[in-house]
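Asks: Predicted model and sequence follow; I will ask about them next.
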Amino acid sequence: ATTALPAFAVSRQPALAAGQLEGQRVFAFCGIGHPQQFFDMLHGLKAELVGARAFPDHHPFTTAECAQLRADAAACGAQLVTTAKDCVRLPESFRSEVFVVPLEMRFADMAGFMRLLHDKTARKGGAGNG
C-alpha cells in the first residue's frame, strides 16, 4: 500500500553573503526552466542587471556561445553571472570567468518537515534490538 505524504512549500534562495552582489554590474545568463525567476532574484540581491540571456532548459553551452557571452559582458562592463546548475554545463576553461550564484532550498515549515522526516525514519520499538 502506498502512503501519501504531505506537501511542503519550498523556495529557492541564494546562498550568498549579504550584499555580495549589491551594486555590481552583472550580465546574467542561464538555461533553466524559469529564467526570469533567476533574473528577478538578482534584482532582489540589488545587483545592477545590465544584460541577460536565457537559454533553453538544460542547455549545453558551446565555446562560441561562451565567447559571445564574454563579449556581451565586456561591452557592458559587467561580471558574468549564472546558476550553479548552469555552471556544470559550461566548458571547464570558461567557468573561472563566471560568478556562480549558489541556491539552497528552504522549507516554509522546516519544523514540520523535520518532524515528518524523524517520524518516517525513526526505529520502531523492538525490531532488530534482540
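Replies: Ah, there it is.
Asks: centroid residue for the chain?
Replies: Nearest to the mean C-alpha position of the chain, by C-alpha atoms, centre = their mean, lies L103 at 3.8 Å.
Asks: Kindly state the beta-bridge partners for it.
Replies: Beta bridges link L103 to P14 when assigned by DSSP bridges.
Asks: Could you double-check that it sits in contact with T82?
Replies: No. Contact between L103 and T82 fails when scored by C-beta atoms under 8 Å: they sit 11.4 Å apart. For the C-beta atoms, the positions are set from N, CA and C on the backbone; glycine is no exception.
Asks: Find the residues that touch each one of those two.
Replies: Among the neighbours of L103, none is also in contact with T82 (C-beta atoms under 8 Å, 6 or more residues apart in numbering).
Asks: could you dump stretch 73-89 to CSV, C-alpha only?
Replies: Taking C-alpha atoms only, stretch 73-89 is exported to CSV below (Å, rounded to 0.1, in the frame of the first residue of the first chain):
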residue,chain,number,x,y,z
ALA,A,73,29.5,41.3,-20.6
ALA,A,74,32.7,43.1,-21.6
ALA,A,75,30.7,45.6,-23.7
CYS,A,76,28.6,46.4,-20.7
GLY,A,77,31.5,46.4,-18.2
ALA,A,78,29.8,43.7,-16.3
GLN,A,79,30.6,40.4,-14.5
LEU,A,80,29.1,37.3,-16.0
VAL,A,81,26.7,35.6,-13.5
THR,A,82,24.9,32.2,-13.7
THR,A,83,23.3,29.5,-11.6
ALA,A,84,25.2,26.5,-10.1
LYS,A,85,23.1,24.3,-12.3
ASP,A,86,24.3,26.0,-15.4
CYS,A,87,27.9,26.2,-14.3
VAL,A,88,28.4,22.5,-14.6
ARG,A,89,27.4,22.6,-18.3
